[in-house]
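K.L.:
below are the sequence and a predicted model for it; my questions follow.
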Amino acid sequence: MNSPAIPASQSLMIIVTVSLCTILLRVGPMLLFPGDKKTPKVFVYLSQVLPIAVIGMLIVYCFKDVQVFSYPYGIPEIAAGLLTALLFVWKKNTLLSIVAGTAVYMYLIQAVFI
């Protein structure tokens, strides 16, 4: 089934909206807290704990539907997750870890555990 084409004007509006949101998110903190103004403690605290909380939530989301009592017993998910974690600890490269973990997971579910 073919989906209808998006008009060029709508595509342009989407690009402009996304660009403005990105710019606002990047410039907003500098406008709210210029160099001479002290950042509130709550923002400092959130900047320290939120990245870890988001990663924890992503891990839970990735493993929430794993069936460990039926074939393939969660082996592809666990193997890819372990590889991702080990690569990150070893190389400290987020992109390498995610790409390698995704590639191993896709290989396992499409070629090994079919």
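P.N.:
In hand now; what should we look at? Numbers count the residues shown, from 1 in each chain.
K.L.:
chain center to the longest helix along the chain, what's the gap?
P.N.:
Longest helix of the chain, by residue count under DSSP state H: helix 8-32. Centroid displacement of helix 8-32 relative to its chain, using Cα atoms, centre = their mean, to the nearest Å, is 20 Å.
K.L.:
below-threshold pLDDT in this structure: ranges please.
P.N.:
1, 3 (pLDDT under 70).
K.L.:
name the helix or strand for the most centrally placed residue in the chain, please.
P.N.:
Nearest to the geometric centre of the chain sits Leu58, at 7.4 Å (Cα atoms, centre = their mean). Under the criterion of DSSP states H and E, Leu58 resides in helix 41-63.
K.L.:
sec struct for Pro4, please.
P.N.:
Classification of Pro4 by DSSP: H, G, I helix; E, B strand; the rest coil places it in coil.
K.L.:
please report how far the residue sitting furthest away from the middle of the chain lies from Met13.
P.N.:
In the chain, counting by Cα atoms, centre = their mean, Asp36 sits farthest out from the average C-alpha position, at 33.1 Å. Using Cβ to Cβ, to the nearest Å, one gets 38 Å for the distance from Asp36 to Met13. Heads up, the C-betas are built off the backbone N, CA and C, glycines and all.
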